[in-house]
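1. need a 3D model of the following:
(chains A and B)
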Protein chains: 2
Amino acid sequence: MKKFDFAIVGATGMVGRTFIKVLEERNLPINKIYFLASSRSAGKKISFFDKEYTIEELSEKSFDKNIDIALFSAGAAASKKFAPIAASKGCVVVDNSSAWRMDSQIPLVVPEVNPQDIKWHNGIIANPNCSTIQAVVALKPLQDEYTIKRIVYSTYQAVSGAGLQGYKDLENGIKGEAPKKFPHPIAGNCLPHIDVFLPNGYTKEEMKMVNETRKILGVPDMKITATTVRVPVFDSHSESINVEFEKQFDLDGLKGILKNAPGIIVKDDPGSSVYPMPVDTAGRDETFVGRIRRDESVENGVNLWVVADNIRKGAATNTVQIAQELIKMWNAYGKSKS
Amino acid sequence: MKKFDFAIVGATGMVGRTFIKVLEERNLPINKIYFLASSRSAGKKISFFDKEYTIEELSEKSFDKNIDIALFSAGAAASKKFAPIAASKGCVVVDNSSAWRMDSQIPLVVPEVNPQDIKWHNGIIANPNCSTIQAVVALKPLQDEYTIKRIVYSTYQAVSGAGLQGYKDLENGIKGEAPKKFPHPIAGNCLPHIDVFLPNGYTKEEMKMVNETRKILGVPDMKITATTVRVPVFDSHSESINVEFEKQFDLDGLKGILKNAPGIIVKDDPGSSVYPMPVDTAGRDETFVGRIRRDESVENGVNLWVVADNIRKGAATNTVQIAQELIKMWNAYGKSKS
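-> Sure, this is the predicted structure:
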């Protein structure tokens, strides 16, 4: 099997560390691997498959080494600057930041949902926002069967989505310390504020869910609204999703479709207190769906409760899955972009 | 001013203790007061306005003393048994349990919303479910102005709603101990499970929100759906409420209506990170509304974020407010029911 040269950009962050774990678990055909980060982290050691690597400083020259695939999670500014440089040198960037997601020239991909969009990349493929990924994994099979008319999202998002300092804010907040990352305490609190506020009163996180869902599902005018909320949970985002369909559905049929869909585990036996929960999904790669109920307040409505590990499926795992799809494509059709 | 004789039934629970606090704060015209509870708590001491009282055992004879008003928070079974006995002896019961809420012969009252329903009581007035109270306080002025077409509720509910043991489950869960009240850990988790599951897949809590909202707003067929979720927050419930109206609205006009409505504090300056949060509302009697945004996914839609102290406005305060309205009515028209 052909092997490829990889780079991990932003190797020391929460998502970067998980890239390494997921790459080890999935055993990708890696020839060489480079770990890149800002000057702050350069020189530090990192281990991968029991071998020690030295983190190199990310620079314009980093991609002169014929790297095939770079997984980026170093923030939007670094992606804006370095992803085009990498792409110009024949490297395909799979980017976890928000920098390129809504660029019409850049595919935004969840492998269970729109793997075909990988084909038209021009050197950069964007990984969606964490809260969007788990939602579209659950919604795609229902969109195919029943055609979505409208979505109302309310999220319950873990502090790990705000990185290592988000995690610390909750740990330290429990001990009574003031937060450093969040604008208010997160321990014992709910913060209806993720990312910055926009002029329309929505947060950027809320508009990401609206716009990215549309792009990934390929329906630019899909009716969607969102309220995104940070809750005092360390890992895994939960989502209350209310959906209206164009077509009629049978509830058992709908459940069957979810059970057979890729990347989904249905946990829905409420009589036995079985439903998706953050404590069960942390560390998992699948999207968990439960509390599947007909919404009688509207024609063809359903309520879903969707939980997934936001750092794995919501970020690192999805990025690595995109790389796997890319390699599959290269193995089938040749690597034409280099 | 005429004074009345009171009884507090279930004086040792979380809501019962708060009855005492709120009665002290609001300085009701109390002549005598009796504290009643199960045999387990009988004999214990309780203080009210610096005077010590002995808790008496709740029995059929408890209401032989010409009690005017009894505030009940001793669970549905005790209310089912003792509220009719109290009422038959001329006492008006304001009941915080779910026992009588959906009885068509019993008014279900939030004083800011439907104080007029107190008039037709037959000795029992029901206090709604905590998550319903704060929702209808926010929705009533909008219903009056724009006529609600449909509501989608998603809640973020505090552990205090599950009583003292709910509180302990979170405290001890943070230290790694297994829960006693909840079916799964609540620390670091979200539980989409409040009260028991019904055959339609909804929890009783969810159907309470649907049915009680309809009864309080006086619209028996109002289109409503709900997903209710316990989150690791000690005090105050938060709610993401998506509403569709029949009539058009202007967003500033809608905000103005909320600002001028009784019992509401609008906190909505997202640019300065100002929005309702559990940590700010605990201990308060008002309902806090913020994140007020037009929902572009539907005609005449709005998203609201509504937070209130579930033990105060969601239970004890609302019950005491009902007693205050009752006394106001008696002072104006005489106490005709005894």
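
2. CA atoms for contacts and neighbours, from now on please.
-> OK.

3. and A:V94, that's in a helix?
-> No. If the criterion is DSSP: H, G, I helix; E, B strand; the rest coil, then A:V94 is strand and not within a helix.

4. run through the bridge partners of it.
-> Listed beta-bridge partners, A:V94: A:L71, A:I125 (assigned using DSSP bridges).

5. residue of the stretch 51-200 of chain A nearest chain B, please.
-> Proximity to chain B, evaluated over the stretch 51-200 of chain A using Cα to the nearest Cα, is greatest for A:G188 at 4.2 Å.

6. these two touch, right, that residue and B:S238?
-> No. In this structure, A:G188 is not within contact of B:S238 by Cα atoms under 8 Å, at 11.9 Å.

7. give me the common contacts of those two.
-> B:P278 (Cα atoms under 8 Å, 6 or more residues apart in numbering or on different chains).

8. the more surrounded of these two?
-> B:S238 (33 against 23; other Cα atoms under 10 Å in any protein chain shown).

9. could you point out the helix or strand that follows the strand or helix carrying A:N242?
-> Remark: A:N242 resides in strand A:237-245, with elements defined by DSSP states H and E. Proceeding N to C from strand A:237-245, the next assigned helix or strand is helix A:251-260, under DSSP H and E.

10. what about that following helix, near chain B?
-> No. Helix A:251-260 stays clear of chain B (Cα under 8 Å from any Cα of the partner chain), getting no nearer than 11.0 Å.

11. which elements pack onto the next helix or strand after that helix?
-> With elements assigned by DSSP H and E, the helix or strand that comes after helix A:251-260 is strand A:264-266. Secondary-structure packing of strand A:264-266 (3 or more Cα pairs under 8 Å, 6 or more residues apart in numbering or on different chains; DSSP states H and E): helix A:251-260, strand A:287-295.

12. deepest of these, which one?
-> Using mean count of other Cα atoms under 10 Å in any protein chain shown, the stretch among the helices and strands packed on strand A:264-266 with the largest mean neighbour count is strand A:287-295, at a mean of 24.

13. distance between it and the chain's centre?
-> Distance, stretch centre to chain centre, for strand A:287-295: 20 Å (Cα atoms, centre = their mean, to the nearest Å).

14. can you list the strands that that strand pairs with?
-> Strand A:287-295 has these strand partners (DSSP bridges): strand A:264-266 (parallel), strand A:301-308 (antiparallel).

15. contact partners of the shortest one?
-> Going back to what we said before, that points to strand A:264-266. A:V137, A:A138, A:K255, A:L258, A:K259, A:E286, A:T287, A:F288, A:V289, A:G290.

16. how about those residues in CSV, adding pLDDT?
-> CSV is the format used below for these (pLDDT from 0 to 100):
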residue, pLDDT
A:V137, 98
A:A138, 98
A:K255, 98
A:L258, 98
A:K259, 98
A:E286, 98
A:T287, 98
A:F288, 98
A:V289, 98
A:G290, 98
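
17. now, among those, which is nearest to chain B?
-> A:G290 (9.4 Å).

18. wait, what's in contact with the closest one?
-> A:V266, A:K267, A:D268, A:Y275, A:P276, A:L304, A:W305, A:V306.

19. quick one on the thing from earlier: with distance to B:K89 added, can I get the helices and strands packed on strand A:264-266 in a markdown table?
-> Output for the helices and strands packed on strand A:264-266, formatted as a markdown table (distance: least, Cα to Cα, whole Å):
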| stretch | distance to B:K89 |
| --- | --- |
| helix A:251-260 | 50 |
| strand A:287-295 | 44 |
